[in-house]
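**Q** compute the structure for the input listed below.
(chains A and B)
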Amino acid sequence: MTAGLPGFGLGGVFFIISALLAPFGELVMTARGRSSRARWASVGRQLLIALAMISAVGAMLGLAGVVSGAGPVQGLASFSLLPLTGTATILAFVLVTAKLVQLWLRGARRGRRVNFERREPLGETEAS
Amino acid sequence: MIVPAYNEAATVGETVRSLRQQTCPPARIIVVDDCSCDDTAAVAEAAGGTVLRPPENTGSKAGAQTFALGSVRTELVMAVDADTTLASDAIELLLGSFQDPEVAAACGSVVPRRVRTVWERGRYVEYLFAFGFYKRIQEHYGKPLIASGCFSAYRTAELRAMGGWSTRTMAEDMDLTWTMYGRGQRVRFIPDAVCYPIEPHNLDFVSKQLRRWSHGFVQNVRFHWRSLLDLGYLRSMVAVAFWDALFASLAYVVLLPVLAIAIDRGILFAYLIDAPVVAVPVVVQASRRREVGQALVSLPSFFVLRIVNSVFMLSAIWRELVLRRPLLVYEKGH
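**A** The predicted model follows:
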């Protein structure tokens, strides 16, 4: 994920998707007048790296096809969508779960606050 | 500028000289000699640092830095490890980010100064990858995961308001960064502000560092998880990081070896399956530094370090969350 943390799995996919989505967010920022040439340059650079990383997977599969004698096209065609969809599903599960926990805790906090506000003042209870 | 130092006579002189040679040199270089047994204080003083010595060893880098915070008289304060040198314009570049009044901290890129052993090479690739790709995206989304402890700048008033660097976790830099986000403050990552620390060169020192980092990560997740939930992109990052820390580690340490024994040794190839993907940002970042050859030679070491990382991360999760036996003693990594 980052220095000192193991794993490429979800972290890598998460940041590649982040890089792919960044231009859309930057368009919104530009419309609001909060973007800059430097920000676009950074977005473009990370987008190109993300696309190159995706291409590297394709190149690896093509190379595997050549090595196995099947040819690069067959190598690419052998690529199963299962690992990709599986990773995307797990990533979505992790992100949605984190969001749900946030909503649940926010609801719980709001519920506690409402209960507290509804309690009668101590003085009035004693008077009755 | 605060430089915490414990038995750093071999390196602190070079660190202080590097600070004095900055295009924007610090007003004062405070070296905190944390009751060293060697000549740290004399070397630091000879190089031009002002040496402070606490009455007794503070027990951690965070403790030493906070001890010196009371002596800081400037609006901004920086912390640099005593084995770290800076690129000549690093401070000037970091200072620019504080023109935004909402910015409470800023950090730069990290590149190991020595790249010789398998551990140094692994860390070199890890940093090229993390600072060349991940951290730049984190910066774009306004949430760098950590303002690295080896070289960061802070607003003194904000830092004081938080009580300085906390010793409640083993990763004081992560703790501070997440606390700042929780207070609604911004943290910036300035890629061109580069520092050069000396990374652990053997397994013994790597182990100490990884133990601290892995326990520190888990401790910070435990401590901050409620406040992180309201922080959008940071919440997602930490959730994914924790998933990887647990399940990717389990895959590397348990699942792959078991499958290799039970089914086919070819499964061990999975350890390297993402090598081309890792290589792309590493080569891009290395080419900017004209170090492509060194990066390619070092690439295999990254996969060794990643497996070792996994062992320590699993151990930390087990000890911190299952056994409830937190790591409390700060053990210096090099």
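
**Q** for the rest of this, base every contact and every neighbour count on C-alpha atoms.
**A** OK.

**Q** can you pull out the strands in the stretch 101-250 of chain B?
**A** Secondary structure of the stretch 101-250 of chain B (DSSP state E, counting those that start in this stretch): strands at B:103-110, B:151-155, B:186-197.

**Q** quick check: mean pLDDT across the longest helix belonging to chain A?
**A** As assigned by DSSP state H, the longest helix anywhere in chain A is helix A:82-118. What helix A:82-118 shows for mean pLDDT is 84.

**Q** re earlier: how about the strands of the stretch 101-250 of chain B in CSV, adding mean pLDDT and mean neighbour count?
**A** Shown next, in CSV, are the strands of the stretch 101-250 of chain B (pLDDT from 0 to 100; neighbours: other C-alpha atoms under 10 Å in any protein chain shown):
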stretch, mean pLDDT, mean neighbour count
strand B:103-110, 97, 25
strand B:151-155, 97, 24
strand B:186-197, 97, 22
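
**Q** dump those to a markdown table, plus distance to chain A.
**A** Output for the strands of the stretch 101-250 of chain B, formatted as a markdown table (distance: least, C-alpha to the nearest C-alpha, whole Å):
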| stretch | distance to chain A |
| --- | --- |
| strand B:103-110 | 10 |
| strand B:151-155 | 15 |
| strand B:186-197 | 11 |
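
**Q** list the buried ones in stretch B:315-333?
**A** Of the residues in stretch B:315-333, B:S315, B:A316, B:I317, B:W318, B:R319, B:E320, B:P326, B:L327, B:Y330, B:E331 count as buried by neighbour count, 16 or more other C-alpha atoms under 10 Å in any protein chain shown.

**Q** distance of B:D34 from B:S60?
**A** 9 Å (C-alpha to C-alpha, to the nearest Å).

**Q** how about B:R288?
**A** 35 Å.

**Q** more neighbours: which of these two?
**A** Taking neighbours as other C-alpha atoms under 10 Å in any protein chain shown, B:R288 and B:S60 compare with B:S60 leading, 21 against 9.

**Q** ignoring the adjacent residues along the chain, who's closest to the more buried one?
**A** Excluding its sequence neighbours, the residue lying closest to B:S60 (C-alpha to C-alpha, 6 or more residues apart in numbering or on different chains) is B:Y330, at 5.6 Å.

**Q** A helix includes A:R34, no?
**A** No: per DSSP: H, G, I helix; E, B strand; the rest coil, A:R34 lies outside any helix segment and is coil.

**Q** count the residues that sit near it.
**A** As a burial measure, A:R34 scores 11 neighbours (other C-alpha under 10 Å).

**Q** list phi and psi for it.
**A** phi -110, psi 10 (degrees, to the nearest 10).

**Q** try A:L63
**A** According to degrees, to the nearest 10, A:L63 has phi -60, psi -40.

**Q** from chain B, how far out is it?
**A** Distance, A:L63 to chain B, by C-alpha to the nearest C-alpha, to the nearest Å: 12 Å.

**Q** then A:V101?
**A** 8 Å.

**Q** residue contacts, the residue positioned nearest the centre of chain A?
**A** Geometric centre of chain A, nearest residue: A:F14, 4.2 Å, by C-alpha atoms, centre = their mean. Listed by C-alpha atoms under 8 Å, 6 or more residues apart in numbering or on different chains, the contact set of A:F14 reads A:L91, B:V240.

**Q** quickly note the distance from it to B:F189.
**A** 19 Å.

**Q** count the residues that sit near the residue lying closest to B:S236 once chain neighbours are set aside.
**A** Setting aside the residues directly before and after it, B:S236 is nearest to A:L95 in space (C-alpha to C-alpha, 6+ apart), at 5.8 Å. A:L95 has 19 neighbours, counted by other C-alpha under 10 Å.

**Q** doesn't B:F242 make contact with A:L95?
**A** No: in this structure, A:L95 is not within contact of B:F242 by C-alpha atoms under 8 Å, at 11.5 Å.

**Q** still on that earlier bit, could you list the buried residues of the longest helix of chain A?
**A** Applying 16+ other C-alpha under 10 Å to helix A:82-118 flags A:L91, A:V94, A:L95, A:A98, A:K99, A:Q102 as buried.

**Q** contact partners for the residue nearest to B:A105 when sequence neighbours are not counted?
**A** With C-alpha to C-alpha, 6+ apart as the criterion, B:A105 has its nearest non-adjacent residue at 4.3 Å, and that residue is B:Y154. Counting by C-alpha under 8 Å, 6+ apart, B:Y154 touches B:L76, B:V77, B:M78, B:A104, B:A105, B:A106.

**Q** mind checking pLDDT for residue 4?
**A** By default, I'm working from chain A. As predicted, A:G4 sits at a pLDDT of 44.

**Q** oops, chain B please
**A** At B:P4, pLDDT is 97.

**Q** ok, and the closest non-adjacent residue to it?
**A** Leaving aside its sequence neighbours, B:P4 sits nearest to B:V32 (C-alpha to C-alpha, 6+ apart; 4.8 Å).

**Q** quick one on the thing from earlier: which of the contacts of B:Y154 sit farthest apart?
**A** Greatest spatial distance among the contacts of B:Y154 (C-alpha to C-alpha): B:M78 and B:A104, at 11.6 Å.

**Q** tell me the domain ranges of chain A?
**A** According to automatic domain parsing, chain A comprises the domains A:1-79, A:81-128.

**Q** which of those sits closest to B:A44?
**A** The stretch from the domains of chain A with the least distance to B:A44 (C-alpha to C-alpha) is domain A:1-79; that distance is 29.5 Å.

**Q** coming back round to it: could the strands of the stretch 101-250 of chain B go into a markdown table alongside distance to B:I273?
**A** Below are the strands of the stretch 101-250 of chain B laid out as a markdown table (distance: least, C-alpha to C-alpha, whole Å):
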| stretch | distance to B:I273 |
| --- | --- |
| strand B:103-110 | 26 |
| strand B:151-155 | 33 |
| strand B:186-197 | 28 |
